[in-house]
Structure formats: C-alpha cells, structure tokens
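A.B. asks: predicted model and sequence below, questions to follow.
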Amino acid sequence: MCGIALIVSGIRIDTSSLPFDSTTATPTRKSEKLLFSLDDLKEALRRRGPDSFGAKKVLLQLLGQNGVSSFTVEEDGDAADGAIETAKLHFFGATLQLRGINPLVQPLTDASGNVLVYNGEIFGGLHLASDCNDAEFLLQTVGECCSCGSCATDRCVECGKSSIAGVLSAIKGPWAIIYWQDSSRTLWFGRDAFGRRSLLVHWPTVDDSTFLLSSVSPVSPVQQASAEYEDHNGIGCLSYWEELPCGIYSVHVDASKTSGYLVGEVKIHEYTNSMLNELIKWERISVEPSSEDLHTFCHKLSLGQHAKHQPSSEAVPNKTGSIQPAIPMPAHILLNALKESVLRRTSMYTVYQAVISGIRQEKFFPVAILFSGGLDSMILAALLDKCMDPSYEIDLLNVSFDGQLAPDRKSAKAGLNELRRVAPSRKWRLVEIDADLSDLVFETSHVMSLINPANTYMDLNIGIALWLAAGGDGWVSDANTYDNDGNHVRIKYKSNAKILLVGSGADEQCAGYGRHRTSYRRGSWLGLHEEMRLDMQRIWRRNLGRDDRCIADNGKEARFPFLDEDVIRLLLNIPLWEVANLDQPSGIGDKRILREVAELLGLYEAAVLPKRAIQFGSRIARESNRKNFGSNRAANQASAGSVTIHRKSNFC
C-alpha cells in the first residue's frame, strides 16, 4: 500500500476530450478553494506508507516554438545550469512495502528519465518472481514500452513494442499509477477497472489552474480551525476533489503553436484486454431461466446434496476435504476460485514486512480479516486457514459501538466458535475493538477528510467503523476454548498485520442487498441483473475509493478476494438463478451460492446468517442517529442517514 501524488503547474491542461459530465472536468467551472501545504499532503501520504517517503520534480523548459526539454531533480533541486523552468511536475510517494526483499523508496526513476509512483499489487497477468517488488518490475516493464502514445492495442504496429495501456490492462490486481514517460513527454495516470485503489483528481478550474492527483485528500489545521471554512465548505471542500473514474489517461506535453506556454490534452485510453472489457460491461449470458432450467438446477442440487452426505464412487474429495461430485457444482468451482484468490493475496510471494520484522517467522504473519462473523468474513477466514501454515495465528478484527451487545460482536463470537470447530489446530485471535462515538471528536474530523469526496452520514459511519477496525487496537480474551461467557480477562492488544482481507464485492455480485430483492420483485430476473450490474459498475465511486482511504490511513492494505478478476468472471459465467433465488427468504435465497460455499467449508451456522451492513452491525448508525438527529426515527425522516454532512454538525 502506498500514498502517491502529483502536483502539476505551468501546463495548460485541456480536458475537453474527456467523456465526462461537462461540469466535471472543464477549466471554466469553479471549485471551492482547498488551501493546504506540501507538509499537509506529505503527512496524509505518510500515514498510508510509513516505511519510506520520497519526492522528485520533473522540470520542463519551453524551447521557443521548437519543443520542450526536461530534467529530473530531487525535491529540493533547481533547474540545471541556470535554465528557467516553464513547468513542473512534483511527484510524491510514501510506501508500505509488502513485496520484495530490498528496501524501496518512491518515486522510482530509471536511466531514461522516466518517473513512477505506483500503488498496487500484481497478482497475475504479468510474470514476476515471488521475491520481486511490483513497482520496480513495473518501472522496468513500462520503460521498454512504445513512446508514440497513440497505440490502441497491446503492441505498437510501427515499432512492435508493448504499449503502456497494454501493460496496465494486463495486470490482475488492484492498482493506481502516475508515470512520466520522458522520451515522449507524456504523463500517464489511472486506476484499475474496478477502482480497488483510491486516486483523487482536481481538474484545473477558473480559480485554481493546478492539476493534482492524490491517493487521499490532505487536511490542513488552518482549515479545521477556520470558521469561514466551516461555514461555507462543508467537509473537506466537497467540490475540490473527485474520484478519478476508472481508466488509463495520458497527457502529452508540447509547446503551443500560437502562444508561449506549454499545453497538454488529457486523453482516455481503452483497456486493451478484451477479457477485462467484458468484465467491465458485466454482461451475464444466462439471466432468465426457463422452467426446464429451474427443473434441471433443482435436480443438480439434490444430486449435490446426496453426494455431500452419501459419498460414492462418483464423488471424490476436493482440495478442501469436502466431497465433490464427478461433475462439479458451481459452488465447488467457486470455492476453488476463491481459495486461489485468497492464496495469491496472502501466500504466494516473499513478504517484505516479514523479512525486516526481526521476530521469529512463526510468530509473524501480516494478514488479518475485517471480521463481523457474517457469511463473507467467515468464508474468508476459513479459506485463509487453508492457505496458511497452521503455526500462524490469525487476527479477526471486530469493531463495536455497543460493547458486547452489538450484533456484529455477538456474531463474531459465534463465528469464532465455528472456526475453532472447523479448524481446531489454528490459533484464532478475536480482536475486540470497542468505541464510543461521543469520545471520537478528533478521530471523526480526521475520517471526514479521508472519506472526501464522499459526503453523507452513511459514508462517515462506514468510514469510522472501517478506520477503527483496520487500526486493530483492541482487546483479546485470555480464553482459548469454546467458552465465551464474558468472564475471562481481556488483555490489551494491537494487531500488527499489514494486509487486511475484506469481503467487499460479495453482496454486489451475489444479490446480497435489500434493493436487489426489491428490483427482483419489480422486474424479475432481468431487473435483478440490471441492479447488480449497476452496483458493480459504480462500486469504485460508492465504496472502494472511500474504503481504501479509511483502511490505508492506518498503514494497512485492504485486499478484496471477492473482486479478483477470475472470481468475477466465474460468477458471470454462472446462471443468475444459480447465484441467488430471491423467491426464498433472507438468509437462504440471497447470496445462495456463497451459502453453499460456506456449507462446503463446514460453516453451517454462518451459511444461514442474513446480510447486515457494518454501520448497523457495529451499531455506529444507531449512535450516530441519536447524536445528530436525536433518534433513529428523526434520522429516517432525514433521508435515512444519507444527508450531506456539514462541519457545524454535532460530529465536529
């Protein structure tokens, strides 16, 4: 996990070719002024990347009407030989290093003058050694790419080299990138197709011509103390930052033919990976079942249940130890895909943090789970157990705003007992993170800056819960038995895990939300499919950027096994009626295929748990409603907690 940023000055950025709303990316629009210093920006980035920090500048000089020269200097460096800089690209990189065996400081540069800051993981698509660092590998790879900037395919037709868009499109895994290709005087930036890594943008406006990219919005103490800022700007200058829409962008910098300044037109490039483009469209071939389809599926289900309980020569044990029919059911196939997804996110490469930890390897493992005890987190926990050596301990991070009475705390304890039953040789550590909303004045203000540009009470509630859970600062019981009667001594504990598995994407892909049931009731299978596709195509804007910023602020990296490209593709290949059946009650028909996966893992109690969002399961929504509206009823009358936050609310 890294914090990356870029400040561009002295270049007239043309955004007219972007296919966005005209009010979003035009220099004629106005935005609220966000006054922050470089120190504010650096501090926000360092919280994401505590292992190292660096900054570099690319200085550009206009050479009359003939072109542009450039040179890279350290942050405090000046133009060489007294040259007068025309423009500047100021790169920042703060790194939480999770891969490789040698220390790394971003921004990275090469002998050709290219500059890279990268926040992401390469889990597939490109081939790198298990002990290799992603960013170093990517710098070398894109450094060998074509510099024409107009290639629309994986390889340039003219020179035969790989294209930058082709390399980025091939990556399986989350990423956000800012890259200066010196030979072509082109700035490249973007984020993966599902937006699993945050990247905010400030497009130039009439009152602020600076072009900025950043993993997170900095917050200035001056702004926090300013009454005028509180009066007029709401939280975090809502109109200043935007979530950068997923995609690959380039800005070719050139001299204006009519005036003495540098110009750059922003272009967006299609992902060149055809399979990735299919996932973006999120089209499912089999949406509406015929009566014959339903009859066939019911027959398959009965055979699957029989094979599970009555082993025969036609059934064989699978990798998880459960019984798999000779012709695997979709749930068996999904189980294996999810296991591979967890494996590649946890155990398939050298972990730098373990190399430098200085403690015994058997006492260190950098993976924990954001844990509610619900269906999704229970599946992740059981799969992580199968991907790790049994000697490692696993932290289960659970947050509550109502002590032992919150629904998620109760289900977490029940889930802990079930995990101990299915994996008795593993030491599970339930980390109970207790919070009181009334005591979180500074913390709440801080999280407001993290969720920016999101701006509703629901966003803030979720953000606070995720931020506290990811911090891992809580209590563990001295009990190591099935007994959770509350009489055991609790010991203060802080999880040192740097990688957090999160269940995001499960509900969107498997019909886990109440609105999915509503859409099915109104529009049957096609209506359900359209609602699920809408959820997947906007998950970058509604969820993932916000969640990434809140979790990463603790120096932790969120990883989303349900949003693995192979898992998404597999789920789309399964007929919708085999994924969910919303004619059945909650806890049975919603996310039916994941409930079958849970049963295959032996998680019979978790398999029937209904969906419960973190803001409700942790009870932060209830406490927030009481604090800001006086009661839950009053909050419901104010748009169910989705009203815009202003700094003069009780949160501050």
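C.D. replies: Okay, I see it. Residues are numbered from 1 along each chain as shown.
A.B. asks: longest strand of the chain?
C.D. replies: Among the segments of the chain that qualify as a strand by DSSP state E, the longest is strand 52-63.
A.B. asks: what about it, distance to the chain center?
C.D. replies: Remark: strand 52-63 is offset 29 Å from the chain centroid, using CA atoms, centre = their mean, to the nearest Å.
A.B. asks: which helices and strands sit right next to that strand?
C.D. replies: Packing partners of strand 52-63 (3 or more CB pairs under 8 Å, 6 or more residues apart in numbering; DSSP states H and E): helix 38-48, strand 67-74, strand 87-95, strand 247-255. Where you see a C-beta, it was placed from the backbone N, CA and C, and this is true even at glycine.
A.B. asks: state the mean pLDDT of the first one.
C.D. replies: Rounded to a whole number, the mean pLDDT of helix 38-48 is 95.
A.B. asks: low-confidence ranges in the stretch 401-550 of the chain?
C.D. replies: 478-487 (pLDDT under 70).
A.B. asks: domain-wise, how is the chain divided?
C.D. replies: 2-279, 362-642 (the TED database).
A.B. asks: quick one: closest of these to Ile333.
C.D. replies: Across the domains of the chain, the minimum distance to Ile333, taken as CB to CB, is reached by domain 362-642, at 6.5 Å.
A.B. asks: what about the helices in the stretch 301-450 of the chain?
C.D. replies: Secondary structure of the stretch 301-450 of the chain (DSSP state H, counting those that start in this stretch): helices at 330-346, 352-356, 375-387, 407-422, 441-451.
A.B. asks: for the last one, buried residues please.
C.D. replies: Which is helix 441-451. Buried positions in helix 441-451, judged by neighbour count with 16 or more other CB atoms under 10 Å: 444-451.
A.B. asks: which one of the residues you listed is nearest to Thr205?
C.D. replies: When the buried residues of helix 441-451 are compared against Thr205 (criterion: CB to CB), the nearest one is Ser449, at 20.4 Å.
A.B. asks: measure the closest one to Arg345 for me?
C.D. replies: Using CB to CB, to the nearest Å, we find Ser449 at a distance of 28 Å from Arg345.
A.B. asks: so what secondary structure elements neighbour the stretch of helix or strand Leu6 belongs to?
C.D. replies: According to DSSP states H and E, Leu6 maps onto strand 2-9. When contacts are defined as 3+ CB pairs under 8 Å, 6+ apart, strand 2-9 sits against helix 38-48, strand 87-95, strand 115-120, strand 175-181, strand 186-191, strand 211-214.
A.B. asks: could you export the ones you listed as TSV, including distance to Gly602?
C.D. replies: Converted to TSV, the helices and strands packed on strand 2-9 look like this (distance: least, CB to CB, whole Å):
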stretch	distance to Gly602
helix 38-48	37
strand 87-95	39
strand 115-120	34
strand 175-181	35
strand 186-191	38
strand 211-214	44
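A.B. asks: most tightly packed of these?
C.D. replies: Of the helices and strands packed on strand 2-9, the one with the most neighbours on average (mean count of other CB atoms under 10 Å) is strand 115-120, at a mean of 27.
A.B. asks: could I have the CA atoms of the next helix or strand along the chain from that strand written out in PDB?
C.D. replies: Counting by DSSP H and E, the next helix or strand C-terminal to strand 115-120 is helix 134-143. What follows is helix 134-143, C-alpha atoms only, in PDB (Å, rounded to 0.1, in the frame of the first residue of the first chain):
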ATOM      1  CA  ASP A 134       5.800  -4.800  -8.100                       C
ATOM      2  CA  ALA A 135       6.800  -1.200  -8.600                       C
ATOM      3  CA  GLU A 136      10.400  -2.000  -9.600                       C
ATOM      4  CA  PHE A 137       9.200  -4.600 -12.000                       C
ATOM      5  CA  LEU A 138       6.600  -2.200 -13.500                       C
ATOM      6  CA  LEU A 139       9.100   0.600 -14.000                       C
ATOM      7  CA  GLN A 140      11.300  -1.700 -16.000                       C
ATOM      8  CA  THR A 141       8.400  -3.100 -18.000                       C
ATOM      9  CA  VAL A 142       6.800   0.300 -18.900                       C
ATOM     10  CA  GLY A 143      10.300   1.700 -19.600                       C
END
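A.B. asks: for helix 134-143, which residues meet the burial criterion?
C.D. replies: Those would be 134-139, 141-143, for helix 134-143 by 16+ other CB under 10 Å.
A.B. asks: shouldn't Gly555 be in contact with Lys498?
C.D. replies: Yes - counting by CB atoms under 8 Å, Gly555 touches Lys498, with 7.1 Å between them.
A.B. asks: common neighbours of those two, please.
C.D. replies: Common contact partners of Gly555 and Lys498 (CB atoms under 8 Å, 6 or more residues apart in numbering): 1, 96.
A.B. asks: the two - which one has more neighbours?
C.D. replies: Ranked by neighbour count (other CB atoms under 10 Å), Gly555 and Lys498 place Lys498 first, with 23 against 19.
A.B. asks: rewinding a little: least reliable of the domains of the chain by average pLDDT, please.
C.D. replies: Looking at those, the bottom one is domain 2-279 with a mean of 84.
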